[in-house]
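Peer 1: Here's my sequence, what's the structure:
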Amino acid sequence: MCQMSVDKSKVLFLVEQAKGYLKQIETMDLKKLDDVGFDALSMRLFSLLNKIIDLSEEVVKGEELGMPMKIRDLFELLRKGKIISSKMCLELSDLVFLRNGLSHRYDSIDENRVIGVAKDLGTVRKFMELIEKRYKKI
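Peer 2: Okay, the predicted model is just below:
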């Protein structure tokens, strides 16, 4: 598996975009969200998770790790390629369910789940740091 086929500049650009959404979420007062604030949080979280998926797709494609059949498969391929741990694979895969809920079932989304995830984006941050470190050194 050759890192040379990874578009390093695109990967790092996606990391920077994801960092922007993460920063927006982290600056929100999650204890004082009205309906508009919750909608803003949901959209920012949805955008962040989409960037994580885009980033994963770029790495899986560039590293030639295989062909995912579903979005969650991206993280399994990254795990099999020894890029992320089993724990991170599971945690990122779980976030795909939330992302799909935000995308397809927004009117029935569990507000507590959205706020809970927004309060604890440590795995997302670690994933971005791991990918950034991996491709900055090339």
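Peer 1: What about F127, how many residues nearby?
Peer 2: F127 is flanked by 24 other residues according to other Cβ atoms under 10 Å. The way it works is simple: take the backbone N, C-alpha and C, and place the C-beta from them, glycine included.
Peer 1: Which residues are in contact with the residue most central in space within the chain?
Peer 2: The geometric centre of the chain, computed from its C-alpha atoms, lies nearest to I52 (Cα atoms, centre = their mean), at 2.8 Å. Counting by Cβ atoms under 8 Å, 6 or more residues apart in numbering, I52 touches 18, 92, 95, 124, 127-128.
Peer 1: cool, and H104?
Peer 2: So H104 contacts nothing (Cβ under 8 Å, 6+ apart).
Peer 1: From K119, how far off is it?
Peer 2: H104 is 23 Å from K119, where distance means Cβ to Cβ, to the nearest Å.
Peer 1: go on, S85?
Peer 2: Taking Cβ to Cβ, one finds S85 at 22 Å from K119.
Peer 1: Also Q24?
Peer 2: Applying Cβ to Cβ to Q24 and K119 gives a distance of 14 Å.
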